[in-house]
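[1] attaching a predicted model along with its sequence, questions to come.
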2 protein chains.
Amino acid sequence: MPSALILIADGTEEMEFTITYDTLVRAGVTCQSAFVHDDEFVSPVAAKGSRGIRIIPDVYFEPDASGPDKFDALIIPGGAKGAETISKNTSVQALVREYLSKEKLVGMICAGSMAALTSGLPKQPLTSHPSVKTQLESEFSYSEDPVVVSGNLITSRGPGTAFPFAFKLVELLCGTEKRKEVHGPMVFPSGTPW
Amino acid sequence: MPSALILIADGTEEMEFTITYDTLVRAGVTCQSAFVHDDEFVSPVAAKGSRGIRIIPDVYFEPDASGPDKFDALIIPGGAKGAETISKNTSVQALVREYLSKEKLVGMICAGSMAALTSGLPKQPLTSHPSVKTQLESEFSYSEDPVVVSGNLITSRGPGTAFPFAFKLVELLCGTEKRKEVHGPMVFPSGTPW
Ligand SMILES: [Cu+]
């Protein structure tokens, strides 16, 4: 069974987090959410999302327990403040490089794509929320596609692209049949382009 | 500023809950989530969603503090087990009737539409998740549209229709201009039918 580590912080966009986590669980992916926080000695019970929804993470983020030997995918959601906390964390940056060097998946959505920059990834196709485009476009081959696949780096744009982002991860982790199986019961309106 | 009371229970579909709450907050709607539970003496810290995401509700559900004098909309998300707990709660059923009689909005999505049946609402157009269609189609004018507006009762189908459901609520509570304003920054792929 594939597995995914999904990072969360105060200010994470709760739709991007929830859509990704829930859709992966529906596909049979074992998901663990890990709480990234700046203050070493704070023990908050929950991450407060960008719009105030409080989510209890599965674990506190521990770099030693978060490597590509433990999970098949590392996922970084957006939300300006949450993405800032996560992308500035040097242990997260090291993990991003380690997952990619071990040919495991790294997913970044919305402002989460800032982690590609802070982790010093080489120039490659990438997308993000429009609000951080100017910070990324000189260092990457910036695209406005809803989901951009560049080797094992999967990037996406915002809450509105969270479903196609999650389905692309399902497809890569579990195959196209599983993607179809998970898609049906969610009852997307006809004409939905994913 | 319009306000909405969004019910949550163990087993609530966390995408339907989160997409609705977050989108309404983006539109400036004051949202409160209220935890409905069967056991009077249990004090769990969080509602465990249908796919394992634990969400801390804003308040415990108190019928006296939940009326149409306090909120402009009452919203019931799906998730089989969560929707069962909520729709079987007689105080919730009374509130559904009271909101509609006071011409306030009632939103139900997915299995949450079962509350229309348990509350004894008169025959009218309605939709739901396909999994509860057979229980609803003889009592209502069953539709398979993504979002069905019947007076002040707004129903919808599943996680895949949660965005159009939330946008319809924004439109009704805040107007079409606000809907557009909230829609843009979410970065839906072009061709998305809402
Ligand atoms: Cu964002």
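    Everything's here; your move. Residues are numbered from 1 along each chain as shown, chains lettered A, B, ... in the order given.

[2] any regions of chain A where pLDDT drops low?
    Counting by pLDDT under 70, chain A has low-confidence residues at A:40-43.

[3] tell me where it has strands.
    A:3-8, A:30-35, A:47-48, A:54-56, A:59-60, A:73-76, A:105-109, A:125-126, A:141-142, A:147-150, A:153-156 (DSSP state E).

[4] does the fifth one come close to chain B?
    No - judged by C-beta under 8 Å from any C-beta of the partner chain, strand A:59-60 stays clear of chain B, getting no closer than 12.2 Å. C-beta coordinates here come from the backbone N, C-alpha and C atoms, glycine included.

[5] that strand pairs with which strands?
    strand A:30-35 (parallel) (DSSP bridges).

[6] in the partner strand, what's buried?
    A:Cys31, A:Gln32, A:Ser33, A:Ala34, A:Phe35 (16 or more other C-beta atoms under 10 Å in any protein chain shown).

[7] which residue packs closest to A:Tyr60, ignoring adjacent ones?
    Nearest residue to A:Tyr60, sequence neighbours excluded (C-beta to C-beta, 6 or more residues apart in numbering or on different chains): A:Phe35, at 5.2 Å.

[8] equivalent analysis for A:Ala115, please.
    Nearest non-adjacent residue to A:Ala115, counting by C-beta to C-beta, 6+ apart: A:Ser87, 4.0 Å away.

[9] which ones are touching that neighbour?
    Applying C-beta atoms under 8 Å, 6 or more residues apart in numbering or on different chains to A:Ser87 gives the contacts A:Ile76, A:Gln93, A:Ala111, A:Gly112, A:Met114, A:Ala115, A:Leu117, A:Thr118, A:Ser119.

[10] contact partners for the closest residue to A:Gly158 other than its chain neighbours?
    Of all residues not flanking A:Gly158 in the chain, B:Val187 sits nearest, at 3.6 Å (C-beta to C-beta, 6+ apart). Taking C-beta under 8 Å, 6+ apart as the criterion, B:Val187 is in contact with A:His129, A:Pro130, A:Pro146, A:Arg157, A:Gly158, A:Pro159, A:Gly160, A:Thr161.

[11] can you pull the contacts of the fifth one?
    Residues counted as contacts of A:Gly158 (C-beta under 8 Å, 6+ apart) are A:Glu13, A:Glu16, A:Gly78, A:Ile109, A:Cys110, A:His129, A:Pro130, B:Pro185, B:Met186, B:Val187.

[12] got these as CSV, with distance to the ion columns?
    Output for the contacts of A:Gly158, formatted as CSV (distance: C-beta to the ion, whole Å):
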residue, distance to the ion
A:Glu13, 5
A:Glu16, 7
A:Gly78, 4
A:Ile109, 8
A:Cys110, 4
A:His129, 5
A:Pro130, 10
B:Pro185, 8
B:Met186, 8
B:Val187, 8
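
[13] contact residues of chain A facing the ion?
    For chain A, the residues in contact with the ion (C-beta under 5 Å from the ion) are A:Glu13, A:Gly78, A:Cys110, A:His129.

[14] report how many residues lie close to the first one.
    Going back to what we said before, that points to A:Glu13. Using other C-beta atoms under 10 Å in any protein chain shown, A:Glu13 has 29 neighbouring residues.

[15] ok, back up a step: can you add distance to B:Glu139 and give the buried residues of strand A:30-35 back as JSON lines?
    Formatted as JSON lines, those follow (distance: C-beta to C-beta, whole Å):
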{"residue": "A:Cys31", "distance to B:Glu139": "38"}
{"residue": "A:Gln32", "distance to B:Glu139": "42"}
{"residue": "A:Ser33", "distance to B:Glu139": "40"}
{"residue": "A:Ala34", "distance to B:Glu139": "46"}
{"residue": "A:Phe35", "distance to B:Glu139": "45"}
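
[16] circling back to that earlier point, out of the residues of chain A next to the ion, which is nearest to chain B?
    Comparing the residues of chain A next to the ion against chain B with C-beta to the nearest C-beta places A:His129 closest, at 6.6 Å.

[17] spit out the contact partners of the residue nearest to that closest one when sequence neighbours are not counted.
    Counting by C-beta to C-beta, 6+ apart, A:His129 lies nearest to A:Cys110, which is 4.2 Å off, once chain neighbours are set aside. Shown in contact with A:Cys110 (C-beta under 8 Å, 6+ apart): A:Glu13, A:Glu16, A:Pro77, A:Gly78, A:Gly79, A:Ala83, A:Ser128, A:His129, A:Ser156, A:Arg157, A:Gly158, A:Pro159.

[18] from these, which land in helices?
    Counted as lying in helices by DSSP state H, out of these, are A:Glu16, A:Ala83.

[19] mark which of the contacts of A:Cys110 are buried, thanks.
    Counted by 16+ other C-beta under 10 Å, the contacts of A:Cys110 give A:Glu13, A:Glu16, A:Pro77, A:Gly78, A:Gly79, A:Ala83, A:Ser128, A:His129, A:Ser156, A:Arg157, A:Gly158, A:Pro159 as buried.
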